[in-house]
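Engineer: starting from these lines, generate the structure:
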Amino acid sequence: MRLSNLADYAVVTMSAAARHCGGGRTSAAELAAETGLPVPTVQKVVSKLSAAGLLRSVRGAGGGLQLARPAAAITLADIVEAVEGPIALTACIDGDECAVDHTCSVKPHWPAVNAALRGALAGIPLTQLSKAAPREPNPSGISA
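Structural biologist: Predicted coordinates for the structure are as follows:
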């Protein structure tokens, strides 16, 4: 399984927005500059994240974008679902037709698999994603 580019960009954008926590506001243009993503892409992502209640747009002087709730209360699952919809590894869960639906012995198990995947993603808060990644040890021992 691989996230779509848009879901990946949403995670990157939300991570950047989380670094503006504490009442700070930002703009789509600033988020694009910080992330290296094109402004139209960030605007599209911001629209989806706002519709899902993860970002809030404040109008007027001093306005801009801010997290709609604390970063610790937003999870990777929330962000992915804002862009991709409900987490489901197979189409048959949504009621889509399947060639083997009438004989499939696995279909009853997909809800548990999907719940486990969602649970894993829900266990990763935005606060964790917005931190700087730990530096990997340098095996040569030579400092950069």
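
Engineer: now the terminal residues of stretch 65-84, how far apart.
Structural biologist: Start-to-end span of stretch 65-84 (CA to CA, to the nearest Å) is 22 Å.

Engineer: show me where pLDDT drops low in the protein?
Structural biologist: Where the chain drops to pLDDT under 70, the residues are 22-23, 93-97, 133-144.

Engineer: the strands in it, which residues?
Structural biologist: For the chain, the strands defined by DSSP state E occupy 55-58, 64-67.

Engineer: go through those and name the closest to Pro40.
Structural biologist: With CB to CB as the measure, strand 64-67 is the member of the strands of the chain nearest Pro40 (15.5 Å). All C-beta spots, glycine's among them, are computed from the backbone N, C-alpha and C.

Engineer: got the contact list for the closest one?
Structural biologist: In this structure, residues lying in contact with strand 64-67 by CB atoms under 8 Å, 6 or more residues apart in numbering are 14, 17-18, 20-21, 23-28, 31, 46, 54-58, 74, 126.

Engineer: please repeat the previous calculation with a cut-off of 10 Å.
Structural biologist: 13-14, 17-18, 20-31, 42, 46, 49-50, 54-58, 73-74, 126 (CB atoms under 10 Å, 6 or more residues apart in numbering).

Engineer: filter the residues you listed down to the buried ones and hand me the ChimeraX line.
Structural biologist: Burial among those is assessed by 16 or more other CB atoms under 10 Å; the matching ChimeraX selection reads:
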select :13,14,17,18,20,25,26,27,28,30,31,42,46,49,54,55,74,126
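
Engineer: so of the contacts of strand 64-67, which ones are in helices?
Structural biologist: 13-14, 17-18, 28-31, 42, 46, 49-50, 126 (DSSP state H).

Engineer: what is the nearest of the residues you listed to Cys92?
Structural biologist: Leu49 (28.5 Å).

Engineer: tell me the contacts of the closest one?
Structural biologist: 10, 13-14, 17, 42, 55-56, 65, 67-68, 74, 78-79, 82-83.

Engineer: can you tell me how far it sits from Ile79?
Structural biologist: 7 Å (CB to CB, to the nearest Å).
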